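# Sequence and predicted structure are below.
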Amino acid sequence: MNERIEPVPIGRPEPSTDLALVEALEALSDDEKHLTEALYPLFFERRPDARPLFGVHALAEREEMVRETLRSLFALAEGEPWLEGNLEALGRSHFEYGVESDMYADFVRAFVDVAPARLDARARAALESGLARITDTMRRAGERAASRTP
Ligand code: HEM
C-alpha cells in the first residue's frame, strides 16, 4: 500500500466535474451517428431560422460539427491550451455563416436533450456546463466580430 498521491495543480477544473464530463463524453462518442441524426431535427424544430444557414447536402459538415463539439469538450476536460483560440476562430467563422448569439443556448439544450438516457444527472449537468462554456467562447468571439463589421 505505497500509493503515491499526485498533487493536483491549482487552476485545473474540479476533478469530480472532469470525471463526470469524461463519463458523458464516452457515452456520447459510443453513438456519434445517433447523436448527429437526432440533434439536427430537434435543433431545427426549435430554431427553424438556423436551418437555411446549412447547405442542403451538408451532411459531412453536420457530422464534422458534432465531432468538433465532442473534441472541444474532451479538450476542455483535459485543460488543453489550444482550445480557446480554436473556439474563437470558430465563433468568427460562425458569425460569417449568420449564426445568431441566441442560437447557442438552443443548441446546448438540444444537445443535452438527445444525449443517451443512461447518463446520470451529474454527467448530464457536466455536459451542459461544458457545452455552455464552449459555446460562450464562440458567441463572444462572434459578437466581437459583429462589432467590428460596419
Ligand atoms: C448555434 C449553434 C451552431 C450553429 C447554428 C452552427 C452552424 C453551422 C453552419 C451553418 C455551418 C456551415 C455548414 C454548411 O456550410 O453547410 C457550421 C459548420 C461547422 N460548425 Fe457549427 N454551428 C453551431 C455550433 C457549433 C459548435 C458548438 C461547434 C464546435 C465547437 C461547431 C463546429 C463547426 C465546424 C467544425 C464546422 C465545419 C466548418 C468550419 O470549420 O467552420 N459548430 N456550423
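Right, received. Where do you want to start? Just so you know, these numbers come straight off a predicted model, no measurement behind them. Numbering: from 1, shown residues only.
# how about Pro81, secondary structure?
Classification of Pro81 into helix, strand or coil gives coil, according to DSSP: H, G, I helix; E, B strand; the rest coil.
# Number of residues surrounding it?
Applying other Cβ atoms under 10 Å, we find 7 other residues in the vicinity of Pro81. Yep, even glycine has a C-beta here, placed from its N, CA and C like the rest.
# Phi, psi for it please.
Dihedral pair for Pro81: phi -70, psi -20, per degrees, to the nearest 10.
# how close does it sit to Ala75?
In this structure, Pro81 and Ala75 are separated by 9 Å, where distance is defined by Cβ to Cβ, to the nearest Å.
# ok, now Met138?
In this view, Met138 and Ala75 are 14 Å apart by Cβ to Cβ.
# Comparing the two, which residue is more hemmed in?
The residue with more neighbours, out of Met138 and Ala75, is Met138; 24 against 17, by other Cβ under 10 Å.
# Check whether whichever strand or helix holds that one comes into contact with the ligand.
Here Met138, judged by DSSP states H and E, is contained in helix 121-148. Yes - under the criterion of Cβ under 6 Å from any ligand atom, helix 121-148 makes contact with the ligand via Ile134, Thr135, Met138.
# tell me what that helix is packed against?
Using 3 or more Cβ pairs under 8 Å, 6 or more residues apart in numbering; DSSP states H and E as the contact criterion, the elements in contact with helix 121-148 are helix 15-30, helix 59-77, helix 83-97, helix 103-113.
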